[in-house]
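In: Got a predicted structure here, sequence first:
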Amino acid sequence: MNRSFFYSLIILAGLSLPTTGEVRVDGVDIANDGVSAKRITGYVPDRPYLYEKLTAREFLAFVGRLYGIPREDITFRSEALLGAHGLLDRADELVEAFSHGMKQRLVLSAALIHEPPVLVVDEPMVGLDPHGARMIKDLFKSLAAEGRTLFLSTHSLDVAQEVCHRVGILYKGRLVALGTMDELTASADLEEVFLRITEEQSEPSAVRAG
């Protein structure tokens, strides 16, 4: 991942502070009110980091308590999320026995347990089989239809084209294109647009050498 974009992502997730400027999430200033910003943001990293000696149900209860969710709400939301993500039948097994794809779905469940209006997601399809990937895509579309904002980082252009309404293209740390799918793609697909724009942004010597 581009280093500058990586830092942008962890700033949005509340894991780091901006060195200059101002960053707001749903109107909340991250630097001045980081706790409130975290309460309205869910974060799904590209690699799932979990407490593997907990069961899936225990892990969601732990995360729910961190957000101050009442116990009865944690129980209800956990059941719903585990069921929606195909984990309910494994809910009382230790996380260490889960496959990578199952862990990824559990991390997504944890990111949603406090019902955030903003979800920051980094490479969500890594390690998922086709059925799991389809489930995640459908979930993203459903969350967007509910009015939530999803900020998705991915190198999979077909995923971006299928699930995103607006796309930004970064090249060497700079935002070189931003728009809706219709505005960016017209008659071409997103991969062709990406290749054309990044080639146009290349160094003149690199273009001549290519």
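Out: All right, it came through fine. A quick note: this is a predicted structure, and the numbers were derived from the prediction, not measured.
In: Residue 69 - how many residues pack around it?
Out: When counting by other C-beta atoms under 10 Å, one arrives at 20 neighbours for residue 69. Where you see a C-beta, it was placed from the backbone N, CA and C, and this is true even at glycine.
In: And the contacts of the one helix or strand residue 176 maps to?
Out: Per DSSP states H and E: residue 176 is located in strand 174-180. Outside of strand 174-180, the residues within contact range by C-beta atoms under 8 Å, 6 or more residues apart in numbering are 165-170, 184, 193, 197-198, 201.
In: got the buried residues for that strand?
Out: Across strand 174-180, burial judged by 16 or more other C-beta atoms under 10 Å covers residue 177.
In: Just the pLDDT at the closest residue to residue 168 other than its chain neighbours, thanks.
Out: Using C-beta to C-beta, 6 or more residues apart in numbering and skipping the chain neighbours, the partner closest in space to residue 168 is residue 178 (4.5 Å). Reported pLDDT at residue 178 in the predicted model: 85.
In: just residue 9 next, same as before
Out: On the pLDDT scale, residue 9 gets 70.
In: For it, give me its contacts.
Out: 1, 120, 122, 151, 153.
In: Show residues contacting stretch 105-117.
Out: Identification of contacts with stretch 105-117 by C-beta under 8 Å, 6+ apart yields 26, 39-45, 48-50, 56, 59-60, 63-64, 67, 69, 74, 77-78, 81-82, 85-87, 95, 98, 119, 124, 132, 135-136, 139, 147-149.
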